[in-house]
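S.K.: quick one, structure for this:
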Amino acid sequence: MTHRDGLEPEEVYRWLGPIDRIRPRFLPLVSLPVWLASRHRADDNSIYRKKHLSNPEQAGFVLQSLLKGLKRKVAALEPRGGASAWTDYMKSNHNYSAEEFAAKEQFVRECLSACTPKRVLDVGCNTGHFSFMAAGRGAGVVAIDYDPAVAGNVWRKAASENLDILPLVVNLTRPTPGVGWNNREWPSFLDRARGAFDVVLMLAVIHHMLVTERVPLSEVIDLAAELTADSLIVEFVSPDDTMFRRLTRGREELHRDLTASAFEVCCRRRFEIVQSMHREGATRRLYWMRRKKD
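M.R.: Okay, here's the model as predicted:
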């Protein structure tokens, strides 16, 4: 964030060991420029003078070769669908039976159909399952997750299916700040996101904010109300849930007051509950809420 225009070769060179300096990835872009620059005096400006080849075809060939080489270097940096602790979460570890997950899908689908949103924010998108559901109904979706691997996978799938989904690596509990001159060249994520979405999805994510990041529930709900211009589709996860218990690591006592009733009371400060769904014996509940007008 402090190097807007990239790193200078001299700076990277200092970080590299002797072997790394001659590796193909660093030799032409880092080491050679540093070595060649050392042959010139600091006040020698001759290297910055324009140089022209007498043969235009030869000049064009040199330029095309340079661009092809750069293209190959950029292509070599493309992620290859890397894995992380969360890339397979939807397949094997999402704490739902097949019937429960189908019911969750149906609930979200019906809510999106009723809202007909044009802009959707999917917080903690993971594989983007519900982002794709919203985008398939014509919404433009911003899908955020703190895990770069899952965000990259969502980007590749969205590009292949030509869907309007923008995945961003964002931790909503530690959002990207404003940077640049007066912190206004690039506004913060929250400055750009507040009130910009018709629907905010917060599915299976709030318990991570409460337990892992220690954010009070009231603060989470207040932020949700700032982000959405209309609706919030949110999932409540009980402290009895296996994933919740895994996150607390024996500190369940800290969340003994977190009940579905307490959750609803907290939400009603900023939202009206339009619809909810709870299957008997399940540790999770789904809500569709509409933000109260200020």
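
S.K.: what pairs with the longest strand along the chain, and is each one parallel or antiparallel?
M.R.: The strand that spans the most residues within the chain, counting by DSSP state E, is strand 228-237. Looking at strand 228-237 with DSSP bridges, its partner strands are strand 197-202 (parallel), strand 284-291 (antiparallel).

S.K.: hey, which of those strands is tucked in deepest?
M.R.: The highest mean neighbour count among those, using mean count of other Cβ atoms under 10 Å, belongs to strand 197-202: a mean of 25. Quick note: C-beta positions are derived from backbone N, CA and C, even for glycine.

S.K.: which outside residues touch the next helix or strand after that one?
M.R.: Next along the chain after strand 197-202, taking DSSP states H and E as the criterion, comes helix 206-211. With Cβ atoms under 8 Å, 6 or more residues apart in numbering as the test, helix 206-211 has contacts from 124, 172-173, 215-217, 220, 234-237, 241, 243-244, 247-248, 255, 258.

S.K.: okay, buried residues for helix 206-211 please.
M.R.: I206, H207, H208, M209, L210, V211 (16 or more other Cβ atoms under 10 Å).

S.K.: what does stretch 31-39 give?
M.R.: S31, V34.

S.K.: put the alpha carbons of that stretch into PDB.
M.R.: C-alpha atoms of stretch 31-39 as PDB (Å, rounded to 0.1, in the frame of the first residue of the first chain):
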ATOM      1  CA  SER A  31      19.400  -8.000 -11.100                       C
ATOM      2  CA  LEU A  32      20.400  -6.900 -14.600                       C
ATOM      3  CA  PRO A  33      18.900  -3.400 -14.200                       C
ATOM      4  CA  VAL A  34      20.700  -3.000 -10.900                       C
ATOM      5  CA  TRP A  35      24.000  -4.300 -12.300                       C
ATOM      6  CA  LEU A  36      23.800  -2.100 -15.400                       C
ATOM      7  CA  ALA A  37      22.800   1.000 -13.400                       C
ATOM      8  CA  SER A  38      25.900   0.600 -11.200                       C
ATOM      9  CA  ARG A  39      28.100   1.200 -14.200                       C
END
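
S.K.: run the chain-centre distance for that stretch.
M.R.: Put simply, stretch 31-39 sits 38 Å off its chain's centre (Cα atoms, centre = their mean, to the nearest Å).

S.K.: tell me the average confidence for that stretch?
M.R.: Averaged over stretch 31-39, pLDDT sits at 88.

S.K.: what's the closest non-adjacent residue to G124?
M.R.: V205 (3.4 Å; Cβ to Cβ, 6 or more residues apart in numbering).

S.K.: distance of that neighbour from R25?
M.R.: 37 Å (Cβ to Cβ, to the nearest Å).

S.K.: who's more crowded, the two?
M.R.: Per other Cβ atoms under 10 Å, whichever of V205 and R25 has more neighbours is V205, with 21 against 11.

S.K.: cross-check the contact I'm expecting between the more buried one and D122.
M.R.: No. Contact criterion Cβ atoms under 8 Å: V205 and D122 do not qualify, at 9.4 Å.

S.K.: give me the common contacts of the two.
M.R.: With Cβ under 8 Å, 6+ apart as the test, V205 and D122 reach no residue in common.

S.K.: give me the pLDDT for the closest residue to E161 other than its chain neighbours.
M.R.: In space, E161 comes closest to F132 once its chain neighbours are excluded; the distance is 7.6 Å by Cβ to Cβ, 6+ apart. For F132, the model assigns a pLDDT of 97.

S.K.: do the same with H207
M.R.: 94.

S.K.: going forward, count from 18.
M.R.: Got it, the first residue is 18 from now on, which makes the last one we talked about H224.

S.K.: so how far is F214 from it?
M.R.: H224 is 22 Å from F214, by Cβ to Cβ.

S.K.: what of S82?
M.R.: Taking Cβ to Cβ, one finds S82 at 46 Å from F214.

S.K.: farthest residue from the center of this structure?
M.R.: When distances to the mean C-alpha position of the chain are computed (Cα atoms, centre = their mean), the maximum falls on S71, with 49.9 Å.

S.K.: remind me, longest helix of the chain?
M.R.: Longest helix in the chain, counting residues (DSSP state H): helix 73-93.

S.K.: can I get it in CSV, CA atoms only?
M.R.: What follows is helix 73-93, C-alpha atoms only, in CSV (Å, rounded to 0.1, in the frame of the first residue of the first chain):
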residue,chain,number,x,y,z
PRO,A,73,11.4,1.1,-38.3
GLU,A,74,10.7,-2.6,-38.9
GLN,A,75,13.5,-3.5,-36.6
ALA,A,76,12.2,-1.1,-34.0
GLY,A,77,8.7,-2.7,-34.3
PHE,A,78,10.2,-6.2,-33.9
VAL,A,79,12.0,-5.1,-30.7
LEU,A,80,8.9,-3.6,-29.3
GLN,A,81,6.7,-6.6,-30.1
SER,A,82,9.3,-9.0,-28.6
LEU,A,83,9.4,-6.9,-25.4
LEU,A,84,5.6,-6.9,-25.1
LYS,A,85,5.4,-10.7,-25.7
GLY,A,86,8.0,-11.3,-23.1
LEU,A,87,6.1,-9.2,-20.6
LYS,A,88,2.9,-11.0,-21.4
ARG,A,89,4.5,-14.3,-20.7
LYS,A,90,5.8,-13.0,-17.4
VAL,A,91,2.4,-11.8,-16.3
ALA,A,92,0.8,-15.1,-17.4
ALA,A,93,3.3,-17.0,-15.3
